[in-house]
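Colleague: only geometry, no sequence info:
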């Protein structure tokens, strides 16, 4: 009797009970997995550009630019250190933001249901698909590893989640539900989050532009006068709040003026043959890179590289140095456009291949190496004077030295590696199928009524990958794993939306098949 009673109760429980139980268990496991790793953030050679403005402000010096880094993430570090006085607060906060990103992914998934007029996939199955997507994101080791970094990649998943959520909310309110006030509010939020995302991580500038394309369509809609005023005013305020401080802070940082042209120059050094000749004549030892054929970091940062020589040659004339870099970059577009396009194609192929590299399938992550590199990166003579004046930084360095010897190995278990392997193998097939089905949907009126908005949404989210990869391919190299790992949030969302789209399309064929059978029987 007790067993039969339990079975009866289980059968009568609604699917919502299982769903919310799964959500609770998932976030508990994700939180435990995050806070089980060491909480001291991990530094690298780029960290000082983000950390030093905060340390200067905390040690009675002036907050300002360092190494061309935007002020927002250093300001974020300053607020955390000012409030808590402990570097571990940085990792704890970034872990909470990572958990929030998983929560926003679930909210975004629930909101996309309105993009299908009469969904064929049951509500329970639909929500379970979203829960699976959130579980893969929250339990994968790579997002957790990024959250431990002392660099903006630690907050990018959260910023991307908010950006995608408000853009999708805008699209739903503007195009599907005709909620004008909500559309205007979400439009302003989309502009703000897009500018914020591009400011924090410049490799997402093109992604931010793509995110703003749906928002811009509001200005072409009739009888939306005051909504256009609200959107334009909100966009102007957002730009002032986020871009004006950056303009004033960057004026005293020469690197912020030279960073982009120098990057373009050194990344395309093999095409700028005249400039490479100087290093060849000096028999400079240049490490090999599999996709570029050389190491741009050597050319940009080594004291004997051509970039260092050019800085000495031009002295304090920063504008002339930038003009020189820009001249030869545009010259290769004029004289060798095919070679530049081939370089971009090779870089795009790094991402668009049989196994999508956004998903890390490694079994274990060894923080000891990264903590050791963090000690080496920060324990340099020019930096030591600043961080030794701030006691929490001294304590952080002591703990980092110990973790460089004893940090535990972080395992990525098989139950998460296998779904990641499936997603990596199916990214390209799902994209190609979604493209083909979208073409069919847009060509047929009956399909357009049912699935046009969902098809557009799938292609829109996939375009985040395209924009992110294209910008990096044009400017730098996708061989840097950071540019790939930081895309995992919208890569997962794009694939699960594509899977739902395919299921809706396939289930939509059933009535047509039944109608054909009925017509055959009647004849």
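Modeller: Arrived safely. Fair warning: this is a prediction, and the values are worked out from it, not measured in the lab.
Colleague: So what's the model's average confidence on the helix or strand hosting residue 94?
Modeller: In this structure, residue 94 sits in helix 88-111 according to DSSP states H and E. Per-residue confidence for helix 88-111 averages out to 96 on the pLDDT scale.
Colleague: The helix or strand just after that helix - contacts with which helices or strands?
Modeller: Next helix or strand after helix 88-111 toward the C-terminus (DSSP H and E): helix 123-139. The elements that helix 123-139 packs onto, with contact taken as 3 or more C-beta pairs under 8 Å, 6 or more residues apart in numbering; DSSP states H and E, are helix 15-35, helix 88-111, helix 414-443, helix 488-507. The way it works is simple: take the backbone N, C-alpha and C, and place the C-beta from them, glycine included.
Colleague: where do the strands sit along the protein?
Modeller: Defined through DSSP state E, the strands belonging to the chain, from first to last, are 364-365, 410-411.
Colleague: Nearest to residue 449 among the ones you listed would be which one?
Modeller: Residue 449 sits nearest to strand 364-365 of all those, at 47.9 Å, using C-beta to C-beta.
Colleague: Break down the stretch 201-350 of the chain into its helices, ranges please.
Modeller: Per DSSP state H, counting those that start in this stretch, the stretch 201-350 of the chain has helices spanning 205-216, 225-250, 254-267, 273-281, 296-301, 306-314, 318-335, 337-351. These are given in chain order.
Colleague: Any buried residues in the last one, and which?
Modeller: Within helix 337-351, the residues that count as buried by 16 or more other C-beta atoms under 10 Å are 340, 343, 346-348, 350-351.
Colleague: Reformat the strands of the chain as a markdown table; add mean neighbour count, mean pLDDT and distance to residue 95.
Modeller: As requested, those are exported to a markdown table (neighbours: other C-beta atoms under 10 Å; pLDDT from 0 to 100; distance: least, C-beta to C-beta, whole Å):
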| stretch | mean neighbour count | mean pLDDT | distance to residue 95 |
| --- | --- | --- | --- |
| strand 364-365 | 14 | 86 | 15 |
| strand 410-411 | 15 | 88 | 13 |
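Colleague: Need those in TSV (columns: distance to residue 390).
Modeller: Putting those into TSV (distance: least, C-beta to C-beta, whole Å) gives the following:
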stretch	distance to residue 390
strand 364-365	29
strand 410-411	29
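Colleague: so what's residue 358 up against?
Modeller: 351, 424, 427, 465, 484-485, 487-488, 491 (C-beta atoms under 8 Å, 6 or more residues apart in numbering).
Colleague: for it, phi and psi?
Modeller: Recorded main-chain torsions at residue 358 are phi -70, psi -20, according to degrees, to the nearest 10.
Colleague: circling back: which of the helices and strands packed on helix 123-139 sits most buried?
Modeller: Burial among the helices and strands packed on helix 123-139, expressed as mean neighbours by mean count of other C-beta atoms under 10 Å, is greatest for helix 488-507, which shows a mean of 22.
Colleague: Counting by contacts, list what it packs against.
Modeller: Using 3+ C-beta pairs under 8 Å, 6+ apart as the contact criterion, the neighbours of helix 488-507 among helices and strands are helix 88-111, helix 123-139, helix 141-147, helix 153-171, helix 414-443, helix 445-475.
Colleague: Now do the fifth one and helix 488-507, the angle between them.
Modeller: Going by axes from the mean of the first three to the mean of the last three C-alpha atoms, to 10 degrees, helix 414-443 is angled at 60 degrees with respect to helix 488-507.
Colleague: Could you do the longest one as well?
Modeller: On the basis of the same axes, to 10 degrees, helix 445-475 is oriented at 160 degrees to helix 488-507.
Colleague: just how off-centre is helix 445-475 within its chain?
Modeller: Relative to the chain's own centre, helix 445-475 is displaced by 16 Å; criterion: C-alpha atoms, centre = their mean, to the nearest Å.
Colleague: Repeat that for stretch 47-56.
Modeller: Averaging C-alpha positions (C-alpha atoms, centre = their mean) puts stretch 47-56 22 Å from its chain's average.
Colleague: Then stretch 72-88?
Modeller: Stretch 72-88 sits 22 Å away from the centroid of its parent chain (C-alpha atoms, centre = their mean).
Colleague: can you pull the buried residues of it?
Modeller: Applying a neighbour-count criterion of 16+ other C-beta under 10 Å, the buried positions in stretch 72-88 are 72-78, 80-81, 87-88.
Colleague: again, but for stretch 381-397
Modeller: Neighbour-count burial for stretch 381-397, counted by 16+ other C-beta under 10 Å, picks out 383, 386-387, 390, 392-393, 396-397.
Colleague: what would the residues you listed look like in TSV with distance to residue 263?
Modeller: Below are the buried residues of stretch 381-397 laid out as TSV (distance: C-beta to C-beta, whole Å):
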residue	distance to residue 263
383	23
386	26
387	27
390	31
392	33
393	29
396	30
397	30
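Colleague: Mind picking the two most distant members of those?
Modeller: Between any two of the buried residues of stretch 381-397, the greatest separation by C-beta to C-beta is 15.3 Å, found for 383 and 392.
Colleague: Around residue 479, count how many other residues there are.
Modeller: Taking other C-beta atoms under 10 Å as the neighbour definition, residue 479 ends up with a count of 17.
Colleague: How confident was the prediction at it?
Modeller: At residue 479 the predicted local confidence, pLDDT, stands at 85.
Colleague: same check, this time on residue 57
Modeller: As predicted, residue 57 sits at a pLDDT of 89.
Colleague: residues contacting the closest residue to it other than its chain neighbours?
Modeller: Sequence neighbours aside, residue 63 is the residue nearest to residue 57 in space, at 4.0 Å (criterion: C-beta to C-beta, 6 or more residues apart in numbering). The neighbourhood of residue 63, defined by C-beta under 8 Å, 6+ apart, consists of 53-54, 56-57, 71, 74-75, 78, 249.
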